[in-house]
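Pasted the sequence and its predicted model underneath.
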Amino acid sequence: MQQPAFLGAAGWDRPEWSDTFYPSDMPEAWRLTYYNTQFSCVFLSASVWREADAPLRETWAADTHENFLFLLEDASLEDIPAALAGRARGIGRKDPQLLWFDRQTSLKTLAAQLAPADGNTPIYLISRDGDMGQIEQVRTLLELMGL
């Protein structure tokens, strides 16, 4: 059985992605919609998702496809906002299912961390620094590993 692997970043509204990842003429309000076409999840810090009001969370849900996953830092099952029910998972920064990477992360080390997986437990690979070059290398690694 193929292990479910989700690739994403810590947040989607990254200033360094303006004019590089996001098309230069794209309105900021469309960024999550575009992001969700390229990634399968996003990690949101507790301060970000807790400060968002219900209408904003509903917009997040409407702007993403049904299989897109919101990883909400330190959210308990009861904390999951209604608008994101079935589309969000609470996770701690040190959860073993969460593999952080950045431009300095060795792909060999990352591959070794992925290898012992049991095949059923989802793994979440999250870019800490949003380096698009490294994200693309991790995407290729996942494809080569069949994840």
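That came through fine.

how close does the residue with the largest distance to the centre of the chain get to N36?
Distance to the chain centre peaks in the chain at D25, reaching 23.9 Å (criterion: Cα atoms, centre = their mean). With the distance defined as Cβ to Cβ, to the nearest Å, D25 ends up 19 Å from N36. (Glycine included, C-beta is placed from N, CA and C.)

do the same with Q134
Using Cβ to Cβ, Q134 is found at 20 Å from N36.

Any idea how many residues pack against P4?
Using other Cβ atoms under 10 Å, P4 has 15 neighbouring residues.

Which strands or helices does the lowest-mean-pLDDT helix or strand in the chain pack on?
Sorting the helices and strands of the chain by mean pLDDT, DSSP states H and E puts helix 107-114 at the bottom, at a mean of 92. Helices and strands touching helix 107-114, by 3 or more Cβ pairs under 8 Å, 6 or more residues apart in numbering; DSSP states H and E, are strand 98-101, helix 132-144.

what comes up buried for it?
L110, L114 (16 or more other Cβ atoms under 10 Å).

now what about that helix, what contacts it?
With contact meaning Cβ atoms under 8 Å, 6 or more residues apart in numbering, helix 107-114 is reached by Q3, A5, L99, F101, I123, L125, Q137, V138, L141, L142, M145, L147.
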